[in-house]
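# Test case, fold it:
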Amino acid sequence: MFSPRFFSRSAMSALAATAFAVSAVLAQAPQMPVVTLSAGMYLVRAEVAFTDEGRMQGLMFRKSLGPNQGMLFMFTEDDRHCMWMKNTLIPLSVAFIDAKGRIVSIHEMEPQTETSHCAAAPARYALEMSKGWFKSKGISAGSELRGIDKAPPAR
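From the prediction side, this is the model:
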């Protein structure tokens, strides 16, 4: 922490105002609901991005994810949805999932890139996990994900 003696009063006021503004923005960040999913014998604690705002924010600016934590993206329709990693600081894997809960494809994604990673077939959901999570658990295309029905519907 810096000592106040190194800053003028106006600089301290500006610094305090900036800190307050950042705190206000963070406080307004939407709290996403959490759902427990199962992939085979593994449980996943997934935040649910079910609104346009939540889907746009995703995991941007996060510095870490817990070992079985991820984010479930709920889309309003089946489509060949695509994901990218702009402003995402951690490497991720994304599984695109159809309306029946079956994984249609999995992609490995590098941080802070704008490369599109798209579902191999129409998908209704996407689950982002730490890079390599699906492979390390033996989960691949065709595997079933359970518990999505407990998540709020996309809007």
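# which other residues reach the strand ranked longest in the chain?
Longest strand in the chain, counting residues (DSSP state E): strand 69-79. Here strand 69-79 makes contact (Cβ atoms under 8 Å, 6 or more residues apart in numbering) with 32, 35, 37, 44-50, 55, 58-59, 81, 83, 98-99, 119, 122-130, 133, 148, 151-155. All C-beta spots, glycine's among them, are computed from the backbone N, C-alpha and C.
# In strands, which of those residues appear?
35, 37, 44-49, 83, 123-130.
# Could you pick out the buried ones from those?
Buried by 16 or more other Cβ atoms under 10 Å: 35, 37, 44, 46-49, 83, 123-130, out of the ones in strands among the contacts of strand 69-79.
# re the thing from before, pull out the buried residues from the longest strand of the chain.
Quick answer for strand 69-79 (16+ other Cβ under 10 Å): Gln69, Gly70, Met71, Leu72, Phe73, Met74, Phe75.
# what lines up beside that strand in the sheet?
Note on strand 69-79: by DSSP bridges, its sheet partners are strand 42-49 (parallel), strand 123-130 (antiparallel).
# hey, where'd the helices end up in this protein?
9-28, 52-57, 133-136 (DSSP state H).
# Please point out which parts of stretch 55-69 sit buried.
Arg55, Gln57, Gly58, Leu59, Leu65, Asn68, Gln69.
# actually stretch 142-155, not the one I typed
Buried, per 16+ other Cβ under 10 Å, within stretch 142-155: Ser143, Leu145, Gly147, Ile148, Ala151, Ala154.
# what sits up against it?
33, 35-40, 46, 48, 50-51, 72, 74-76, 95, 97, 101-103, 125, 127.
# Where do the domain boundaries of the protein fall?
When the chain is parsed with automatic domain parsing, its domains come out as 1-30, 34-150.
# Right, I'll leave it there.
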